[in-house]
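Visitor: please find the sequence and the predicted model below.
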Amino acid sequence: MGYAFAVSACIGCGMIFTYNPVYVPSLDVNGNKEPVCPSCFEWRQNWREENGLEREPLHPDAYEPCPEEELGY
């Protein structure tokens, strides 16, 4: 059994970060799911609260490695 994680730039700030490719929060940009880093995700949640919107759910494993079986290959 192995583990996997993805590495790429955040769509919000451009910071390189690692994440679980199954559970990371993302934004749809031209039909592509672009990952959001923990800092930008928290910034978005604070903005939502300040504007009377509910926080979006965050999977507890969003920024952790995932078991390779979860990748669906």
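Guide: Nice, I can see it. Numbers count the residues shown, from 1 in each chain.
Visitor: could you check the pLDDT of residue 70?
Guide: We have a pLDDT of 84 for residue 70.
Visitor: how far away is the closest residue in space to it that isn't next to it in sequence from residue 59?
Guide: The shortest distance from residue 70 to any non-neighbouring residue, by CB to CB, 6 or more residues apart in numbering, is to residue 22 (5.1 Å). (C-beta placed from N, C-alpha, C; glycine too.) Per CB to CB, to the nearest Å, residue 22 is found 8 Å from residue 59.
Visitor: just checking, residue 3 touches residue 67?
Guide: Yes. With contact defined as CB atoms under 8 Å, residue 3 counts as touching residue 67 (6.1 Å).
Visitor: give me the number of residues near residue 14?
Guide: 9 (other CB atoms under 10 Å).
Visitor: that should have said residue 3, apologies.
Guide: Using other CB under 10 Å, residue 3 is surrounded by 12 other residues.
Visitor: again with residue 18
Guide: Going by other CB under 10 Å, the residues that sit close to residue 18 add up to 15.
Visitor: what distance do you get for residue 17 to residue 49?
Guide: Residue 17 is 23 Å from residue 49, where distance means CB to CB.
Visitor: do you know how far residue 32 is from residue 26?
Guide: On the measure of CB to CB, residue 32 and residue 26 end up 9 Å apart.
Visitor: comparing those two, which residue is more hemmed in?
Guide: Neighbours per residue, other CB under 10 Å: of residue 32 and residue 26, the larger number sits with residue 26, 16 against 9.
Visitor: quick check: bridge partners of the more buried one?
Guide: residue 35 (DSSP bridges).
Visitor: contacts only, for it.
Guide: 11, 33-36 (CB atoms under 8 Å, 6 or more residues apart in numbering).
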